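> Turn this into a model:
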Amino acid sequence: MQGWSSRAALSVAVVMTLAGCGQSARPPGLGAEPSQPGTTATTPPPPSADSSAGAPVGPPPGASPVGPEGLESKYEQVIATVLPSIVQITTKNGLGSGVIYDTQGHIITNAHVIGRSTSFEVTLASGGKPRAARLVKAYALGDLAVIKVDDPTGLRPARFGDSRKLRVGQLVLAMGNPLGLSGSVTNGIVSALGRTVSEPQEEGGPGATITGAIQTSAAINPGNSGGALVNLSNEVIGIPTLTAVNPELGGGQAPGIGFAIPSNTATDIANQIIRYGKVSNTHRAALGITVQTVIGSDGRPAGVGVVRVAPDGSGGKAGIRRGDVILSINGTPTKDTQALAEVMASLNPGDHAQIQLLRADASRATVTVTLGQLPGD
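Residues are numbered from 1 along each chain as shown. Predicted coordinates for the structure are as follows:
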């Protein structure tokens, strides 16, 4: 998997693995193989000072702390409420998880869970006969997808919370189907907020880059992808997607380091897909160019080569040409396409970006680009 390396808090490099089935190269119920490290995580913002933010996971000041029996009872209540809204999605190549979104039968999951499949079997956590489902639309750039069950009778939609109100330290539960074990639940906390993480590169191109990701200590295993990260107010506040593995320990999973797509991002994308049949507003910046990683004489990535420039794209208007090599954006080196994707994910449409270029004649130039919007397809 494409790497995630913390230069601030960790002393070892870790890489990401998708916590689901997805592509045909992945055996059923297993994640993909790890690849090189390199993705940089952003520093999480400080916890919100808004006392009304997030789920009421603890007693108010001056009150007695919740005892073990009270917390156990709360866990049981949350599981009884939310787990019926979690489904197992089975494709020809594996399985993953999903969250029932509405009474019409729409289900949110990860794009890598469905891979290239367009038809599926959906099984409720409560069991019963599998139901046929079809793809509505996948948004690979954000690793989200919406599928629809043909017969929505009896489906119980989950309640989605406001991920902007999350606080570091909140108790959370991860629900899904790890390793094919239907209706499994693990517990942990929100470990950090505002991470930027990248998924494995597929077919030579960068994988999805997830901004604002929720880091959690709740165990996320292969098959959990597309499931639910849930607070103690019975709300889905994230879609578990990635887990970290440590190459220095033979590629084994790094315990307690998993990542989820924020619920606000997931519902925004799902609403667009359901309403328009596509993602019409990605909220992501773009240069309007097609690129590939350039390898230097030492065999290492040396920049991002421009192979095509859209005539009406923001990069072309600013003077980026075919054959240029992008060396940095706003002073941040872009050694490969993954690094470029991560920098762009931190910017917004309409922002101005200073881009350093190496021209085909070996001269250097810096151009200012007013960023456009990344297309949804």
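> From Ala219, how far out is Ile189?
Applying C-beta to C-beta, to the nearest Å, the value for Ile189 to Ala219 is 12 Å. C-beta here means a position set from N, CA and C on the backbone, and glycine is covered the same way.
> Of these two, which one has the most company?
Ala219 (20 against 17; other C-beta atoms under 10 Å).
> quick one, phi/psi of the more buried one?
Phi and psi for Ala219, reported as degrees, to the nearest 10, are phi -60, psi 130.
> Contacts only, for the residue lying closest to it once chain neighbours are set aside.
Ranked by C-beta to C-beta, 6 or more residues apart in numbering and with sequence neighbours excluded, the top spatial neighbour of Ala219 is Thr186, at 4.0 Å. Listed by C-beta atoms under 8 Å, 6 or more residues apart in numbering, the contact partners of Thr186 are 173-174, 218-220.
> Report the secondary structure state of Thr186.
At Thr186, secondary structure determined by DSSP: H, G, I helix; E, B strand; the rest coil is strand.
> Specify the beta-bridge partners of it.
Ala174 (DSSP bridges).
> which residues are contacting the helix or strand where Thr366 lies?
Taking DSSP states H and E as the definition, Thr366 sits inside strand 364-370. Residues outside strand 364-370 that contact it (C-beta under 8 Å, 6+ apart): 287, 314-315, 317-320, 327, 350-359.
> Any quick PyMOL command for the buried ones out of these?
Only the buried entries of these go into this PyMOL selection, using 16 or more other C-beta atoms under 10 Å:
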select buried, resi 287+314+315+317+318+320+327+353+355+356+357+358
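> Now, the contacts of strand 364-370 that are in helices?
Members of the contacts of strand 364-370 lying in helices (criterion: DSSP state H): 314-315, 317-318.
> Now for those residues: which two are most distant?
By the measure C-beta to C-beta, Gly315 and Lys317 form the most distant pair in the ones in helices among the contacts of strand 364-370, at 7.3 Å.
> how many neighbours does Ala266 have?
29.
> Tell me where the protein has helices.
Going by DSSP H, the chain shows helices at 68-82, 111-114, 263-276, 314-318, 337-345.
> Throw those helices into TSV and include distance to Ser97, thanks.
Converted to TSV, those look like this (distance: least, C-beta to C-beta, whole Å):
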stretch	distance to Ser97
helix 68-82	12
helix 111-114	7
helix 263-276	13
helix 314-318	37
helix 337-345	25
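> Pick the most deeply packed of those helices.
Scoring these by mean neighbour count under mean count of other C-beta atoms under 10 Å gives helix 111-114 as the most buried, with a mean of 28.
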